[in-house]
Structures are given as C-alpha cells and as structure tokens.
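Fold the following, please.
(3 chains)
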Amino acid sequence: MIGGIGGIGALQLKPEIGGTDAATNLFQGGAAPLTGTDIGTTFAEALSQAASKTVGTLQNAEQVSLQALKGDADTRQVVDAVMSAQQALQTAVAIRDKVVSAYLEVSRMGI
Amino acid sequence: MEPVNLFDLAAKQSQWLAVRQSAIASNIANVNTPGYTAGDVEPFDKVLDRTAVSLNATQAGHLGTAATNAGFTVKPEEPTGSIMPSKNTVVLENELMKAGEVRRSFELNTAIVKAFHSMMMMAVKS
Amino acid sequence: MDALTAALKVAASGLGAQSERLRVVSENLANAQSTGDTPGADPYRRKTISFVSQLDRSSGGSLVEVSSIDRDPAAFPVEFQPGNEAADDKGYVKMPNVNVLIEMADMSEANRSYEANLQVIKQARDLISMTIDLMRNQ
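Model prediction:
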C-alpha cells in the first residue's frame, strides 16, 4: 500500500503485483500499464475506480457495524470490515491530497 | 427501510446497555432480599421496532433523545428453575453472565463509534 | 442520574448490606461459646439480619437496605458442665443457640454476594471510563 501511495507521489501509476490484498489496493483490476499518449484516460479511470472501491468498502463497513449494533454480527467480521474501510479511506485521502498539491504545482508553472 | 444514522443507533444501544447494567446491579444487590423478583430490560430489537420512526434521522449531528431512561422499561423476568423458600428469583451466575454480555457489547459499541468518528475526521481534515 | 451512575449507587448499597451481614455473622461466631455469668442465666442469643429492597426514585434502581437486626428466638441448647459458673443446680449450662456450621455457610455466601457487587462496581466504572475515552486521542 505504501508503494501505491509512493507511486502517486511521482505521478506514475504502476499496477500493484501481488503483496497487498484486494481490499486495500485500489488500483488492481484495471489500471493498464501506461503508454505515453494514454496518461489522461488511464489516470481518470484509475481514480474513479479507486473512488468507487472506497465507497463500496465504507458502505460495507457501515452495514456490518449496523448489524453489530443491533446485536447479531460476528465480531471479527466487524473489525475486519472497519479496518478495511479505514485503510481505504486513508489511501483515498492521501490520493486526494497529492492530486490537489500536484494540481496547484502545475498551475503555478510558467507557460 | 430508510437508512439509519450509525451514530444515532450507537447512542441508543449504549443507553440501552447502561439501563441493562443498572438492572443487573439491582438484581445482584438484592440477591439475598426475600421476595425480590429479578428484572431485566426489554430486548433491544423490541425497542428498535417501537421507535423505528424516530431513528430515521438523516440530519447530521442529531443525537436522538436525551440521556434518560424513558425509552426502556425494566420488566420482571419470569422465574425459571427452582423457587427458593424466600421467593427470591435472582440467580447470581446468570446475572454475572449478563454483565459479561453487556461489557462485550459496550466495548464493541464504543470501538465502532471511535473508528467511524476518526474516519469522518480524517475525511474532513485537509 | 444516568443509568451507569445509578448502577454504581445500587451496587454500593449492596456492598453496605453484605458487610453488615458479615459483621453480624462474625459477632455470632465470636460469641458461640459465651455463656451467662450467674447460675441459670441466659447465654448469648444469636443475631439475625433482614434485608429489604428500596426503589430509588432518582436513579430507578432497587437499592438494598438492612431492615432490622433481630435475635433468633430458637431455644438454647443445654450442656452438662457442672464446673461452669452459669451451671444450674443440676449442673446444666445453657449454651448460645449459634450453630458454627450454619454461620460459616452464611459467611461464605455473604462473601460471594460481596464479590459480585464489587464486580458490578468495577464494570460500571470501566464502562464510564470507556465512554469518556471516546473523546481522547483525537
């Protein structure tokens, strides 16, 4: 996961090979290796996939937690779901921060 | 069913658990009182069915009812097993087991609230 | 008063009642052999304790109180001890109506109830602490 965030910092997207599990790695399943001309569409796809995966993980965590509060959910499942959501959210926030700071940097560049 | 606010439900459950804890405390304190009947709160899902309307709060920050016991009635349980000559129906082992359940549920409740609260703070911080 | 504080109050009343009970039991045990000083006099009469539950309006819990400490009306057993100062003209002494085995059983039950109340206090305190912890480490 750290490798994934580091990759964003350099504005390079490499598909993660092995290592982290599917719940936390938001770029698995679709981010094609980059070619020089395709950076724009691939980046947008990757971002939107990351966003929807985060939302899905968060919703799952909320559902499982609601069940647990009502009284019938397995404790371990709740803990796993909530931790996955935290990891996903943390990743998404890191991405957002990097994207924002990259945009600001680009906008400051002279023409 | 309309979406239920997670923090509202957690607040409701933690109130219910606190009332249950005080019912258990009353039972244990009166374990040797002649004629005392053990009591317990009504089950949580009954409480939810009754107050289903008020739980559909979708305004952020709406924290539901104030911290009073007014939502949950404590009813005497039906006595099971042998009847003591003193007519006291408290079984100490059951009360201690119930106390353990309350503790576990309360820990899960506070852990869930803490986790989701920190997630919200994370998303809001720049 | 919120429910967790009410639980603390109720459990504290339980501790008070059970320790009263232990005091009565230890008095009985200490005086299990206390005969009178004059011939034919009555010995120590066993004490008994009664609990009653009291509904507390402010907290909604059932406190427990000692309603009374009475004397056991059972008859005194009699032993043959001609040398005792309390011996009547036939040499019989009235002994306290205390049965040591019963008192020991009572004492261990009082201990058990005391421990259970103590556990309730510990748990209620922990639950309150967990709630306050939600605010910490932000």
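
Correct me if wrong: C:Pro82 contacts C:Asp89.
No. Using CB atoms under 8 Å, C:Pro82 is not in contact with C:Asp89, being 10.0 Å away. Where C-beta positions appear, they are placed from N, C-alpha and C, glycine not excepted.

Could you give the separation of the one helix or strand C:Glu103 maps to from the chain centroid?
Element membership of C:Glu103, judged by DSSP states H and E, is helix C:100-133. Offset of helix C:100-133 from its chain centre (CA atoms, centre = their mean, to the nearest Å): 14 Å.

hmm, it touching chain B?
Yes. Helix C:100-133 is in contact with chain B by CB under 8 Å from any CB of the partner chain, via C:109, C:112-113, C:116-117, C:119-120, C:123-124, C:126-127, C:130-131, C:133.

Restricted to buried residues, select these in ChimeraX.
Only the buried entries of the residues of helix C:100-133 next to chain B go into this ChimeraX selection, using 16 or more other CB atoms under 10 Å in any protein chain shown:
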select /C:109,113,116,117,119,120,123,124,127,130,131
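
any chance of the residues of helix C:100-133 next to chain B in CSV, plus distance to chain A and pLDDT?
Shown next, in CSV, are these (distance: CB to the nearest CB, whole Å; pLDDT from 0 to 100):
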residue, distance to chain A, pLDDT
C:Glu109, 34, 95
C:Arg112, 30, 95
C:Ser113, 30, 96
C:Ala116, 25, 96
C:Asn117, 27, 96
C:Gln119, 22, 95
C:Val120, 22, 96
C:Gln123, 19, 96
C:Ala124, 21, 96
C:Asp126, 18, 96
C:Leu127, 16, 95
C:Met130, 15, 93
C:Thr131, 15, 92
C:Asp133, 17, 91
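
Lowest average confidence across helices and strands of chain A, where is it?
One helix or strand of chain A scores below all others by mean pLDDT, DSSP states H and E: helix A:2-9, with a mean of 37.

about what we covered before: which one of C:Pro82 and C:Asp89 has more residues nearby?
More crowded of C:Pro82 and C:Asp89, by other CB atoms under 10 Å in any protein chain shown: C:Pro82, with 11 against 8.

check contacts around the more buried one.
Contacts for C:Pro82 (CB atoms under 8 Å, 6 or more residues apart in numbering or on different chains) come out as C:Gly91.

so where do the helices sit in the chain?
If you meant another chain, say so; for now it's chain A. Using DSSP state H, the helices assigned to chain A run over residues A:2-9, A:39-70, A:75-108.

Switch to chain C, please.
C:3-30, C:100-133.

and among those helices, the most buried is which?
helix C:3-30 (a mean of 21; mean count of other CB atoms under 10 Å in any protein chain shown).

That one packs against which elements?
helix B:6-29, strand C:47-55, strand C:62-71, helix C:100-133 (3 or more CB pairs under 8 Å, 6 or more residues apart in numbering or on different chains; DSSP states H and E).

okay, now B:Asn32: neighbour count?
Using other CB under 10 Å, B:Asn32 has 23 other residues around it.

part of a strand, is it?
No. Applying DSSP: H, G, I helix; E, B strand; the rest coil, one finds B:Asn32 to be coil, outside a strand.

Ramachandran angles for it?
Here is the backbone geometry of B:Asn32 (degrees, to the nearest 10): phi -110, psi 20.

wait, what's in contact with residue 75?
In the absence of a named chain, chain A is used. By CB under 8 Å, 6+ apart, A:Thr75 lies in contact with A:68, B:108.

nope, chain B
Contacts of B:Lys75 by CB under 8 Å, 6+ apart are B:39-42.
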